[in-house]
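Novice: Sequence plus predicted model, see below.
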Amino acid sequence: MSNFINIKSHHSQQGLSLVELMIATTVSLFLMAGVGQIFLSTKASNTLQNGAGRLQENARLAFEILSQNIGQAGFTTDLNGIDAFNSTNILENESENAGLGFTTANGTASDVIEVNYVSATDCLGNGTGGTATDRYFIAGNQLMCLGNGNAAAGILGIGIENMQFLYGEDTDDDNIANLFVNKDNVTSWENIKSVRISLLVTTTQTMTTTDSLTHILLNTPPILPINDNALRRVFTRTILIRNN
């Protein structure tokens, strides 16, 4: 008797059906969308962190310059001394940035300060002949200084959108400021023992967020939300005037 081997026929896989292909494509699209969303979220977070870091660095550099030079106001080697402040050139709400609404009309334009001190160089490193006269102000988004050793103002810091000052006056003769006032309310410039500075610092690159905050610098009216793609923060510091 012949032996017969029953061999079952198997058909090999020839490919994906249209339905299977559509399902695989849909799943892949969902996965790619998820990966893309994670990438965009991570990129936005890194941009914000870098922007916040630059804000702090720009503020630190600006305060370092202002503290060093304004802190010297009134320094002299002469027993008769010199006037620490040029009060006629100290201005309230003077440096405007009309594009952002910082105008004298609403009282939020930047202030200007001018100080004197004995030094061979001014705020820009130019020769003075003995006494430096430095004027600090805001132009655009830059901290500027006009020194007496140079005809043109120079840039000292970037991303500085607004600058406000209050003056610490000693009214009880204990060499400590007990009242902080604006320029118009100073009763004696010789009694100014400190200067309080507030800076509104902004990122110089486009951000993925919108500035929707209200910013207040010292005693100025609130700066309303500007609603642009920038990050902003207010930084404040008090500088002692030891030579006045």
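Specialist: Good, I have the coordinates.
Novice: Give me the three-state assignment for the residue nearest the centre of the chain.
Specialist: Centroid-nearest residue in the chain, with C-alpha atoms, centre = their mean: residue 201, separated by 1.7 Å. State at residue 201, reduced to three classes by DSSP: H, G, I helix; E, B strand; the rest coil: strand.
Novice: Report pLDDT for it.
Specialist: We have a pLDDT of 96 for residue 201.
Novice: check contacts around it.
Specialist: Listed by C-beta atoms under 8 Å, 6 or more residues apart in numbering, the contact set of residue 201 reads 55, 58, 59, 62, 159, 160, 161, 232, 233, 234, 235. Bear in mind the C-beta positions are built from the backbone N, C-alpha and C, glycine included.
Novice: Skip the chain neighbours and tell me the closest residue to the fourth one.
Specialist: With sequence-adjacent residues excluded and distances taken as C-beta to C-beta, 6 or more residues apart in numbering, residue 62 is closest to residue 157, at 4.0 Å.
Novice: what does the model give that neighbour for pLDDT?
Specialist: With respect to pLDDT, residue 157 scores 94.
Novice: Next, count neighbours for it.
Specialist: Counted by other C-beta atoms under 10 Å, the residues lying close to residue 157 total 24.
Novice: For it, give its distance to residue 50.
Specialist: Relative to residue 50, residue 157 is positioned 18 Å away (criterion: C-beta to C-beta, to the nearest Å).
Novice: Tell me the helix or strand right after the helix or strand bottoming out on mean pLDDT in the chain.
Specialist: Here the helix or strand of the chain ranked lowest by mean pLDDT, DSSP states H and E is helix 18-70, holding a mean of 76. Sequence-wise, the next helix or strand downstream of helix 18-70 (DSSP states H and E) is strand 91-95.
Novice: Now do that next one: which elements does it pack against?
Specialist: strand 110-121, strand 127-139 (3 or more C-beta pairs under 8 Å, 6 or more residues apart in numbering; DSSP states H and E).
Novice: in its sheet, what does it sit against?
Specialist: Sheet partners assigned to strand 91-95 using DSSP bridges are listed as strand 110-121 (antiparallel).
Novice: shouldn't residue 214 be in contact with residue 222?
Specialist: Yes. Using C-beta atoms under 8 Å, residue 214 is in contact with residue 222, at 4.9 Å.
Novice: where does the chain have low pLDDT?
Specialist: Segments of the chain classed as low confidence (criterion: pLDDT under 70) are 1-16, 20, 24, 34-49, 51-52.
Novice: bridging residues for residue 236?
Specialist: Residue 236 forms beta bridges with residue 198, as assigned by DSSP bridges.
Novice: got the contact list for it?
Specialist: Applying C-beta under 8 Å, 6+ apart, the residues contacting residue 236 are 196, 197, 198, 199, 217, 218.
Novice: Please convert the contacts of residue 201 to a markdown table, extending it with neighbour count.
Specialist: Shown next, in a markdown table, are the contacts of residue 201 (neighbours: other C-beta atoms under 10 Å):
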| residue | neighbour count |
| --- | --- |
| 55 | 20 |
| 58 | 23 |
| 59 | 21 |
| 62 | 24 |
| 159 | 25 |
| 160 | 26 |
| 161 | 22 |
| 232 | 21 |
| 233 | 17 |
| 234 | 17 |
| 235 | 18 |
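Novice: Farthest pair within those residues?
Specialist: Pairwise distances across the contacts of residue 201 (C-beta to C-beta) peak at 14.1 Å, for the pair 62 and 232.
Novice: I'd like to know how many residues surround residue 237.
Specialist: Counted with other C-beta under 10 Å, residue 237 comes out at 16.
Novice: If you could redo that for residue 28, that was the one I meant.
Specialist: Neighbour number of residue 28 under other C-beta under 10 Å is 10.
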